[in-house]
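Asks: Let me see the structure of the following:
(2 chains)
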Amino acid sequence: MEKIKKATRESYGEALLELGNENKNIVVLDADLSTATKTEKFAKEYPDRFFDIGISEANMMGVASGLASCGKIPYASTFAVFAAGRSYDQIRCSIAYPKQNVKICATHSGITVGEDGATHQMIEDISLMRTMPNMIVMSTCDDVETKWAVKEISKINGPVYLRLARVKTMGIYNEDMKFEIGKAIQIGEGKDGTIFATGITVEQALIAKDILKEKGKDIRVVDIHTIKPIDKEAIIKCAKETEKLISIEDHNIIGGLGSAIAEVLIEEYPKKLVRLGIKDTFGKSGKAEKLMEYFGITAKEIIEQF
Amino acid sequence: MKIEDNRELENMAKKIRRGIIEQVYRAGSGHPGGSLSIADIMTVLYFYELNVDEKNIKWEDRDRFVLSKGHCVPTLYSCLANRGFFDIKELENFRKIESNLQGHPDMTKVPGVDMSTGSLGQGISTAVGMAIAGKLDNRNYRVYCLLGDGEIEEGQVWEAVMSATKHKLDNLCVIVDNNNLQIDGTIEEVAGLNKIDEKFKSFGFQIINIDGHNIEEIKSAFEVAKNVKGKPVAIIAKTIKGKGVSYMENKVEWHGKAPDEEQYKIAMEELK
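Replies: Okay, the predicted model is just below:
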């Protein structure tokens, strides 16, 4: 099957539509961004189970919590900056603390939001969400993985934060790929280095892998689609088996994927880790691809490490 | 366990108030002022109005209650314990490390608590969600949500109010405990808050103004609310912070502190 370039928000919208047909308890909430988050597909097909709460994200999280307490499985969507940022305390008090079965599906994460600039580029959400007790944090990298995740999280009874992107990335997995929440995916067996990536940076890691191969360096890529609970075993295994360790993320290097990996390494198998990501600075307007170059989260920065 | 007689409800309200003082005194901390101001409303809710069953706690068709002003949880615990949701002896352990009776309500720990609250302004959104779920499933349960007047300074309350009107939630009844005092002073002084009824009305709510310590008025307000169709109801209940304990009444310093032994004895005597 041909793998086309696609944004994970698109896959989210399509998966929701299928899920809505399979499970009548699924309800979807949005905060006036349904055309951008792609919940509009669900809204059109299941208008009775779609609730546009308006530009009031804090309220949306609370309404989702109330719906969950009555047996519904709410998927609450908005941009990552308004989900994890603006509604932080609502997620904390009304969703995470009471372990409500709410799926927060946040699109437009990271600097790859692009032209809207820093106010809309959420680079702190992994950090905010993974330090919250009871919260599962996921970040998917392609169409197949995203569709799996959207459906799989409906089977868990509890809160989940799913991080999605606006920018289009290439297809990575085949339809028959088997995923498991909390289990990282190792691509390749290279011993020269491990690139830990999540979300849109998995594509960059794979590009780097191919280029390095031509240069005689054999590396592996580890797709960490579940950032919490993180796959400790996979991290320790790679630390033992490979020479260099690098993490790459469309997120602040403080508190995100790199930090989560570093926490495992320092306790279990101390070893140097190079963290590629946004270096504790706000983003800026521009084309997503240009911003990735500007902030240094492309294959080039990975290759430079070898 | 429905109490029809007003005198008996008044007696129960006294018992609920004794439970509040008992909890806060034994814990050495808590919020007696606002807990006492909602005691009559909550007594009517739990012993007259709410369709709940202490023997079938998670009953899907039960009425829901959300204490949005979660710090006044001693009243909720007192009502639940007296109604038989859990052993009344447990009230002695309020706010203690081994107890399920946390400083703010935790729905995962306490039987009969429908929503965890504590951070102000959030409970009403969850109540809106519960009311929407009721409509979605064609269930006849009602959702009650109690807010503090200071609490409605939170912007989220008005976001939720807008949603309630949009979704025509006539199964939602909001009660505002209008005791006029918050930690730093009166609601007017602190936040310029006034004309609460007009604010709700302008958002599309049906308004009912009552004396929040008059059992008959509380009962009839709930009755009127049930018959309103196509829009949510807000009952604005005029109350006295610290009601029932003479030295606490209208004294903002009793917002969040516990009585000492002598004060405890006086309070319990007054609430006999």
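Asks: C-alpha only now, for contacts and for neighbours.
Replies: Will do.
Asks: Which strand in chain A has the most residues?
Replies: Scanning chain A for the strand with the most residues, using DSSP state E, yields strand A:244-252.
Asks: helices or strands up against whatever helix or strand comes next after that one?
Replies: For strand A:244-252, the following helix or strand on the C-terminal side (DSSP states H and E) is helix A:257-268. Here helix A:257-268 touches helix A:232-241, strand A:244-252, going by 3 or more C-alpha pairs under 8 Å, 6 or more residues apart in numbering or on different chains; DSSP states H and E.
Asks: Now helix A:257-268 - C-alpha only, CSV.
Replies: Provided in CSV are the C-alpha atoms of helix A:257-268 (Å, rounded to 0.1, in the frame of the first residue of the first chain):
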residue,chain,number,x,y,z
LEU,A,257,10.8,13.3,25.7
GLY,A,258,14.5,13.9,26.3
SER,A,259,13.9,14.6,29.9
ALA,A,260,11.7,11.5,30.3
ILE,A,261,14.5,9.4,28.8
ALA,A,262,17.1,11.0,30.9
GLU,A,263,15.2,10.2,34.0
VAL,A,264,15.3,6.5,33.1
LEU,A,265,19.0,6.6,32.2
ILE,A,266,20.2,8.4,35.3
GLU,A,267,18.5,5.8,37.5
GLU,A,268,19.0,2.7,35.5
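Asks: and the angle for the very next helix or strand once past it with strand A:244-252?
Replies: Next helix or strand after helix A:257-268 toward the C-terminus (DSSP H and E): strand A:274-278. Relative orientation of strand A:274-278 versus strand A:244-252 (axes from the mean of the first three to the mean of the last three C-alpha atoms, to 10 degrees): 20 degrees.
Asks: Who does strand A:274-278 pair with, and is each partner parallel or antiparallel?
Replies: strand A:244-252 (parallel) (DSSP bridges).
Asks: rewinding a little: let's have the helices and strands packed on helix A:257-268 in CSV, adding mean pLDDT.
Replies: Formatted as CSV, these follow (pLDDT from 0 to 100):
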stretch, mean pLDDT
helix A:232-241, 98
strand A:244-252, 98
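Asks: Contacts for stretch B:49-57 next, please.
Replies: B:2, B:59, B:62-64, B:83-85, B:111-112, B:141, B:219, B:222 (C-alpha atoms under 8 Å, 6 or more residues apart in numbering or on different chains).
Asks: Need the max-distance pair from these.
Replies: Greatest spatial distance among the contacts of stretch B:49-57 (C-alpha to C-alpha): B:Pro111 and B:Lys219, at 25.0 Å.
Asks: Where does the prediction get shaky in the stretch 151-300 of chain A?
Replies: Regions of the stretch 151-300 of chain A meeting the criterion pLDDT under 70 are absent.
Asks: follow-up on the earlier one: now, of the helices and strands packed on helix A:257-268, which is deepest in the fold?
Replies: strand A:244-252 (a mean of 25; mean count of other C-alpha atoms under 10 Å in any protein chain shown).
Asks: about what we covered before: now, which of the contacts of stretch B:49-57 lie within helices?
Replies: Secondary structure defined by DSSP state H assigns B:83, B:219, B:222 of those to helices.
Asks: Could you list every helix and strand in contact with the one helix or strand A:Thr35 maps to?
Replies: Element membership of A:Thr35 [criterion: DSSP H and E] is helix A:34-37. For helix A:34-37, the elements it packs on are helix A:8-22, strand A:73-79, judged by 3+ C-alpha pairs under 8 Å, 6+ apart.
Asks: can you map out the helices along the chain?
Replies: Because you didn't say which chain, this covers chain A. Remark: helices assigned in chain A by DSSP H are A:8-22, A:34-37, A:40-45, A:57-69, A:80, A:88-90, A:125-130, A:143-152, A:201-214, A:232-241, A:257-268, A:288-295, A:299-303.
Asks: Chain B is the one I meant
Replies: With helices called from DSSP H, chain B shows them at B:6-27, B:32-37, B:39-44, B:73-83, B:123-136, B:155-166, B:187-191, B:196-202, B:215-226, B:261-270.
Asks: Look at the residue nearest to the spatial centre of chain A and report its pLDDT.
Replies: Residue closest to the average C-alpha location in chain A (C-alpha atoms, centre = their mean): A:Ser139, at 1.8 Å. A:Ser139 carries a pLDDT score of 98 in this model.
Asks: What's the separation between it and B:Glu154?
Replies: Distance of A:Ser139 to B:Glu154, computed by C-alpha to C-alpha, to the nearest Å: 32 Å.
Asks: related to what we said a few turns ago, right, so the helices of chain A: which one is the most enclosed?
Replies: Buried most deeply of the helices of chain A, by mean count of other C-alpha under 10 Å, is helix A:57-69, with a mean of 31.
Asks: same for that helix, what does it pack against?
Replies: In terms of contacts (3+ C-alpha pairs under 8 Å, 6+ apart), helix A:57-69 is packed against strand A:26-30, strand A:73-79, helix A:88-90, helix B:123-136, helix B:155-166.
Asks: and A:Ile172, which of these is closest to it?
Replies: Nearest of those (C-alpha to C-alpha): strand A:73-79, 24.1 Å.
Asks: between the closest one and helix A:57-69, how many degrees?
Replies: Inter-element angle recorded for strand A:73-79 and helix A:57-69: 170 degrees (by the same axes, to 10 degrees).
Asks: Strands of the stretch 51-200 of chain A, residue ranges please.
Replies: Using DSSP state E, counting those that start in this stretch, the strands of the stretch 51-200 of chain A run over A:73-79, A:103-107, A:136-139, A:160-163, A:168-169, A:185-187, A:193-197.
Asks: Which residue ranges make up each domain of chain A?
Replies: A:6-169, A:185-303 (automatic domain parsing).
Asks: Is it possible to get TSV of these that adds distance to B:Asn51?
Replies: TSV is the format used below for the domains of chain A (distance: least, C-alpha to C-alpha, whole Å):
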stretch	distance to B:Asn51
domain A:6-169	16
domain A:185-303	40
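Asks: Flag every residue of the stretch 1-150 of chain B that's near chain A.
Replies: B:60, B:106-108, B:114-119, B:122-130, B:132-133, B:136 (C-alpha under 8 Å from any C-alpha of the partner chain).
Asks: May I see the PyMOL selection of the buried members of those?
Replies: Of the residues of the stretch 1-150 of chain B next to chain A, the buried ones can be selected in PyMOL as follows, counting by 16 or more other C-alpha atoms under 10 Å in any protein chain shown:
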select buried, chain B and resi 106+107+108+114+115+116+117+118+119+122+123+124+125+126+127+128+129+130+132+133
